[in-house]
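Engineer: Next one to model:
(chains A and B)
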Amino acid sequence: KAGVTQTPRYLIKTRGQQVTLSCSPISGHRSVSWYQQTPGQGLQFLFEYFSETQRNKGNFPGRFSGRQFSNSRSEMNVSTLELGDSALYLCASSDTGLLQYFGPGTRLTVT
Amino acid sequence: AQRVTQPEKLLSVFKGAPVELKCNYSYSGSPELFWYVQYSRQRLQLLLRHISRESIKGFTADLNKGETSFHLKKPFAQEEDSAMYYCALRKGGSEKLVFGKGTKLTVNP
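Structural biologist: A predicted model of the protein is given here:
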């Protein structure tokens, strides 16, 4: 099976703009989770989707949102970008209760 | 609240030496514990989970509920073990992983 894919792999945005990141899970996986990875804070959970429903949300401001489509693909959106949003955004997919497989990440740089 | 602590940010050993990466957790229930590894320029991948009690690439980890620890051990480190190692906790009924800050392991020749 193909692994988790994320697009785009790299992104440069300006403060105040918004951005949408995409994640395609492994075929058959219905759960998608998003994480933010930064040198200072490490890996932090953003949210988890299962069958188009958000099941869990981390401690991030409302500027961070996400959704999942019927084919399990997921997107996350960050509005009004701040410099501190610069990070590697990781997506992970799993077949509920089983192992999570991570994508390569999207490197977001906010200038 | 769930918390995972990896006390060492950096760990450096020589090839052939034993290595232990420490992980302590706080969680009131029965968590699932994992070790993830991230090699240079590669994606995060699962190394071990406590439920399977298996040895992967020579690494083992034992869950000690009394000490709330899940230390990762390898008797003879190899240069290819150099990577970032993350300990993670997952509570039942959720896919959410709580990660430690990670330990960068360097194995010197």
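Engineer: Chain B contacts on chain A?
Structural biologist: Within chain A, the residues that sit near chain B (CB under 8 Å from any CB of the partner chain) are A:3, A:31, A:33, A:35, A:42-45, A:48, A:50, A:55-56, A:58, A:90, A:92, A:94, A:96, A:99-105. Heads up, the C-betas are built off the backbone N, CA and C, glycines and all.
Engineer: let's see it at 6 Å
Structural biologist: Neighbours of chain B within chain A, by CB under 6 Å from any CB of the partner chain: A:31, A:33, A:42-43, A:45, A:48, A:56, A:94, A:99, A:102, A:104.
Engineer: Neighbour-wise, give me the winner out of those residues.
Structural biologist: In terms of neighbour count, residue A:33 stands highest of the residues of chain A next to chain B at 28 neighbours, by other CB atoms under 10 Å in any protein chain shown.
Engineer: these two touch, right, it and residue B:95?
Structural biologist: Yes. Residue A:33 lies in contact with residue B:95 (CB atoms under 6 Å); the separation is 5.3 Å.
Engineer: picking up where we left off before, keep only those of the residues of chain A next to chain B that are in strands.
Structural biologist: Among those, the members found in strands (DSSP state E) are A:31, A:33, A:42-43, A:45, A:48, A:56, A:94, A:102.
Engineer: hmm, which two among those residues are most spread apart?
Structural biologist: Farthest apart among these by CB to CB are A:31 and A:42. That separation is 21.8 Å.
Engineer: Could you confirm whether the helix or strand containing residue B:4 reaches chain A?
Structural biologist: Under the criterion of DSSP states H and E, residue B:4 resides in strand B:3-5. No. On the criterion CB under 6 Å from any CB, strand B:3-5 is out of touch with chain A, staying 9.6 Å away.
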